[in-house]
Each structure stands twice: as C-alpha cells, then as structure tokens.
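In: Pasting the sequence and the predicted model now:
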Amino acid sequence: MASITTTCIDSYDVAEHPLLAPLYDEDERLDVCITATGKSVRNDYGVPGSPVWYEIEDIDIEEFEINGVAYTPKAVEQKWDKDVADELYAVCADIAAEKDEWE
C-alpha cells in the first residue's frame, strides 16, 4: 500500500471550486491537504520491451485538513453535506492520483 500527504487545493477564488464554496473561509481561501493511501499498480503496453510505470488506484482518503482543521471524511459529511463531501473527495482523489510523491 502506498501513502501520501499532500496539498490538493490552495485557492483564493470560489469560482475555481464552486461546489466547495461552503468550505472557503472568511478570507475566501480554501486550503486542503490530505493524507491518503492507495494501491500501486504496475502498468505497461503489454509488449516485450515496452516501458513500465506505476499508477495509484483505489485511493482512500483518511484525513482532510481544511483551512488548518483536520477532519475525517465522515466528519466532513457531518459538518457540511454529502454533496460537498463527495465533491471534495473526488477532487482530492483525482489530484492525488496525479502526484509523484507516493511512497
């Protein structure tokens, strides 16, 4: 299992993430860091000698830090609503999947 702790969102413009508008603070800033795990999967083109690379799949976000306050995914849903929690999870999982810092 691979893991990562990284910043996913650092925004000063609600228009960048309109579905996450309730998460922005009074200064109209949204800073989201996550701690997540995922499965590292080896990929290639299926022919001898083709390049090999690894992609992260089945990402599970264990903790969000939203504007300096830590929340579990369940706590995010309880504090805001399911639509906001689902959007935050999807955005952060997509961004995390593209990061190179997985260990």
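Out: Right, received. Where do you want to start? Numbers count the residues shown, from 1 in each chain.
In: Next, the residue nearest to the spatial centre of the chain: secondary structure please.
Out: For the chain, residue 92 is the residue whose C-alpha lies nearest the centre (CA atoms, centre = their mean; 2.0 Å). Classification of residue 92 using DSSP: H, G, I helix; E, B strand; the rest coil returns helix.
In: so how far is residue 32 from it?
Out: 6 Å (CB to CB, to the nearest Å). Where C-beta positions appear, they are placed from N, C-alpha and C, glycine not excepted.
In: quick one, helices of the chain?
Out: Assigned by DSSP state H, the helices in the chain fall at 73-79, 82-98.
In: So which of those is nearest residue 14?
Out: helix 82-98 (12.9 Å; CB to CB).
In: Off-centre distance for the closest one?
Out: 5 Å (CA atoms, centre = their mean, to the nearest Å).
In: What mean pLDDT does it get?
Out: Averaged across helix 82-98, pLDDT comes to 97.
In: buried set for that helix?
Out: 84, 85, 87, 88, 89, 91, 92, 93, 96 (16 or more other CB atoms under 10 Å).
In: one step back: with distance to residue 60 as extra columns, can I get the helices of the chain in TSV?
Out: Listed next are the helices of the chain as TSV, based on distance: least, CB to CB, whole Å:
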stretch	distance to residue 60
helix 73-79	9
helix 82-98	9
